[in-house]
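Student: the sequence and its predicted three-dimensional model are supplied below.
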Amino acid sequence: MAAESQPDREVALGRVRGVLARLIRDGTATARSDGSVHRLFPVAVGPAEGAAIRSWVIREQAGRTIEVGLGYGISALFACEGLFTVVGRAHGMSSSTRISTPGSLARGCNTWTRPTSHRRR
């Protein structure tokens, strides 16, 4: 698959980075389902852990990631940032969680992201 155009890629990267910066700065998120405010930390990965995930995705030249967990999806955003850097889009993001509970912020995961071993050539 061809990478997204440079402007689209930069817009997407900017959005992901903006959301990450806001969530990390504020340390909270508000659930759409009921308006409840959730403290992200220490449940969600912090900036250092997220940077490690992003770096791993980039270093391995991952084309896809699989993420398993029940947190707020912060590590998914870091993985997306890495995927946008590597392939220009965040395709292949997969959530193993399909649970909707009152107050849930994301139907995703945030505890572990493992890049697949498929390197770009």
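Tutor: Great, that's in hand. Numbering: from 1, shown residues only.
Student: host element of G71?
Tutor: G71 is part of no helix or strand when elements are defined by DSSP states H and E.
Student: and it, how many residues sit next to it?
Tutor: Other residues near G71 come to 20 when the count uses other Cβ atoms under 10 Å. From N, CA and C alone the C-beta is placed, and that goes for glycine too.
Student: doesn't A44 make contact with it?
Tutor: Yes. With contact taken as Cβ atoms under 8 Å, G71 and A44 are classed as touching, separated by 5.3 Å.
Student: can you show me the strands along this structure?
Tutor: Under the criterion DSSP state E, the chain carries strands at the ranges 28-30, 37-39, 65-68, 112-115.
Student: what are the buried residues along stretch 13-26?
Tutor: L13, V16, V19, L20, L23, I24 (16 or more other Cβ atoms under 10 Å).
Student: which residues touch that stretch?
Tutor: The contact list for stretch 13-26 (Cβ atoms under 8 Å, 6 or more residues apart in numbering) reads 29, 40, 44, 46-47, 50, 72, 74, 77-78, 80-81, 84-85, 90.
Student: what about the protein, any weak spots by pLDDT?
Tutor: Within the chain, the segments meeting pLDDT under 70 span 1-5, 69-70, 89-121.
Student: could I get the full set of helices for it?
Tutor: With DSSP state H, the ranges of helices along the chain come out as 6-26, 47-59, 74-87.
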